[in-house]
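Novice: with the sequence up front, the predicted model follows.
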Protein chains: 2
Amino acid sequence: MNADPHPWACDLVPLYAEVWTRLTRGVHDRHAPARHPTLATVTPQGRPRARTVVLRAADKATGTLDIHTDLRSSKIADLRATPFAELHVWDTSAHLQLRIEAHVKILSGEEVQATWRAIPEASRLSYGSDPAPGQSIARSLDYTKTSDPDSFVVLRLVVDSVDALHLGQNHRRAKFDRHDSWAGIWLVP
Amino acid sequence: MNADPHPWACDLVPLYAEVWTRLTRGVHDRHAPARHPTLATVTPQGRPRARTVVLRAADKATGTLDIHTDLRSSKIADLRATPFAELHVWDTSAHLQLRIEAHVKILSGEEVQATWRAIPEASRLSYGSDPAPGQSIARSLDYTKTSDPDSFVVLRLVVDSVDALHLGQNHRRAKFDRHDSWAGIWLVP
């Protein structure tokens, strides 16, 4: 029998530490699984939506995660109606699924000016397009990308809880809650 | 300039065909990206939820996708309250994101008996546990997996629309709708 390749999954404290190690790696390593999580929201009509996003910041101390987007994207309309999101990460090599419940603050204008200035010019083209994202067009390339600071939004996810599922020789699942100071409890996988 | 490695992304008909090629590959190839999509639902309290699932069947002719789960999992409670889901696939090598809106039928009991009988004995342990999935337990392994046909559920996703985003030298995005016989329209990415 091999030794468990992921000993951090066996206890709550190291498991929670590993969650933030993986999230932080996603911010700094474009090949890390947490670089491209899936963000789930609820539409104003109450329907589920999910899309790939890029993780831009992770702060274990405050329990917050940042994502950048266009003010006119449909996720903004979703979050104005229901300011809650779930961020989902599936980390193949760690055999680890993260399901992160958060309430979301939509930051724009002056409060994101410093962040905007730090974004390379080429990357700024992701924020601003004509027509707006999601509008229908006659031909596939009937749009232009522009760089528009007024379209730039930071979604600040204030984490409420983390559900961590590890698929090992034995499966383990824990839930960590802000209101419990992230102490964690075990759940049936 | 290199030739486009994904010429199917340039026109609506081949793009829609590629969507189902990739989904079907997910059913048959455990290493294909569509093998493990993310399923987004809405809780009875109106909150978004997302988790990795395994794609078990894909039928282009009827526009349906099947997932297997435990009757007592939280996604069943979600789908009983809001019978809609979005299935999300990010296919790295194809540079393709699929966002699949569907309404969901919960099949169990006699109508899934034939499917149950075709599942290998070892895999049946995924359906049935004591306590139920998501219950809190004192220690991480305080549960047993059992094989319970009464806990076995097929979620049949009846696809309403597919949003396909291809990230190439130029980005292209199309939406295909059942009510439009899947003809498709282009959207701003």
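Specialist: Noted; the coordinates are in hand. Residues are numbered from 1 along each chain as shown, chains lettered A, B, ... in the order given.
Novice: next, the buried residues of the lengthiest strand in chain A.
Specialist: Criterion DSSP state E: the longest strand present in chain A is strand A:152-167. For strand A:152-167, burial by neighbour count (16 or more other C-beta atoms under 10 Å in any protein chain shown) applies to A:152-157, A:159-167. C-beta: built from backbone N, CA, C; applies to glycine.
Novice: out of these, which is nearest to residue B:141?
Specialist: residue A:166 (11.7 Å; C-beta to C-beta).
Novice: now the element after the longest helix along chain A, going C-ward?
Specialist: Counting by DSSP state H, the longest helix found in chain A is helix A:12-28. Sequence order places strand A:38-42 as the next helix or strand after helix A:12-28, per DSSP states H and E.
Novice: how about that next one as PDB, C-alpha atoms only?
Specialist: Coordinates of each C-alpha in strand A:38-42 appear next as PDB, following Å, rounded to 0.1, in the frame of the first residue of the first chain:
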ATOM      1  CA  THR A  38     -16.200  28.400 -12.700                       C
ATOM      2  CA  LEU A  39     -18.400  31.200 -11.300                       C
ATOM      3  CA  ALA A  40     -22.100  30.300 -10.700                       C
ATOM      4  CA  THR A  41     -24.800  33.000 -10.300                       C
ATOM      5  CA  VAL A  42     -28.600  33.200 -10.400                       C
END
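Novice: what packs against it?
Specialist: strand A:48-52, helix A:74-81, strand A:84-91, strand B:38-42, strand B:48-52, strand B:84-91 (3 or more C-beta pairs under 8 Å, 6 or more residues apart in numbering or on different chains; DSSP states H and E).
Novice: from chain B, how far off is the residue nearest the centre of chain A?
Specialist: Against the mean C-alpha coordinate of chain A, by C-alpha atoms, centre = their mean, the closest residue is residue A:87 at 4.7 Å. Counting by C-beta to the nearest C-beta, to the nearest Å, the separation of residue A:87 from chain B is 8 Å.
Novice: spatially nearest residue to that residue (excluding sequence neighbours)?
Specialist: residue A:100 (4.2 Å; C-beta to C-beta, 6 or more residues apart in numbering or on different chains).
Novice: partner residues bridging that neighbour?
Specialist: In this structure, residue A:100 bridges to residue A:87, residue A:162 when assessed by DSSP bridges.
Novice: quick one, the longest strand of chain A and helix A:74-81 angle?
Specialist: Angle of strand A:152-167 versus helix A:74-81, following axes from the mean of the first three to the mean of the last three C-alpha atoms, to 10 degrees, is 90 degrees.
Novice: CA atoms of whatever helix or strand comes next after strand A:152-167 as PDB?
Specialist: The helix or strand immediately downstream of strand A:152-167 is strand A:171-177, counting by DSSP H and E. Listed next in PDB are the C-alpha coordinates belonging to strand A:171-177 (Å, rounded to 0.1, in the frame of the first residue of the first chain):
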ATOM      1  CA  HIS A 171     -13.000  10.200   0.100                       C
ATOM      2  CA  ARG A 172     -13.100  13.000   2.600                       C
ATOM      3  CA  ARG A 173     -15.300  16.100   2.700                       C
ATOM      4  CA  ALA A 174     -15.100  19.100   5.000                       C
ATOM      5  CA  LYS A 175     -17.000  22.400   5.300                       C
ATOM      6  CA  PHE A 176     -15.300  25.500   6.600                       C
ATOM      7  CA  ASP A 177     -17.500  28.500   7.700                       C
END
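Novice: got a pLDDT number for the spatially closest residue to residue A:47 that is not a sequence neighbour?
Specialist: Nearest non-adjacent residue to residue A:47, counting by C-beta to C-beta, 6+ apart: residue B:84, 5.1 Å away. Looking at residue B:84, its pLDDT is 98.
Novice: go on, residue A:1?
Specialist: 46.
Novice: ok so, going back, out of the helices and strands packed on strand A:38-42, nearest to residue B:122?
Specialist: For the helices and strands packed on strand A:38-42, proximity to residue B:122 was assessed by C-beta to C-beta; strand B:48-52 is nearest, at 19.6 Å.
Novice: that closest one packs against which elements?
Specialist: Packed next to strand B:48-52, using 3+ C-beta pairs under 8 Å, 6+ apart, are strand A:38-42, strand A:48-52, strand A:84-91, strand A:96-108, strand B:38-42, helix B:74-81.
Novice: run through who's touching it.
Specialist: The contact list for strand B:48-52, computed with C-beta atoms under 8 Å, 6 or more residues apart in numbering or on different chains, reads A:38, A:40-42, A:48-50, A:82, A:84-86, A:88, A:90, A:97, A:99, B:36-43, B:74-75, B:78, B:88.
Novice: give me phi/psi at residue A:121?
Specialist: For residue A:121, the backbone dihedrals (degrees, to the nearest 10) come out as phi -50, psi -40.
Novice: which residues does the residue lying closest to it once chain neighbours are set aside contact?
Specialist: Once flanking residues are discounted, residue A:121 sits nearest to residue A:147: 7.0 Å by C-beta to C-beta, 6+ apart. Residue A:147 makes contact with A:121, A:124-125, A:127-128, according to C-beta under 8 Å, 6+ apart.
Novice: circling back: nearest to residue A:31, out of the helices and strands packed on strand A:38-42?
Specialist: Nearest to residue A:31 among the helices and strands packed on strand A:38-42 is strand A:84-91; the distance by C-beta to C-beta comes to 11.9 Å.
Novice: and the helices and strands packed on strand B:48-52 as TSV, adding distance to residue A:137?
Specialist: Formatted as TSV, the helices and strands packed on strand B:48-52 follow (distance: least, C-beta to C-beta, whole Å):
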stretch	distance to residue A:137
strand A:38-42	24
strand A:48-52	19
strand A:84-91	28
strand A:96-108	26
strand B:38-42	26
helix B:74-81	34
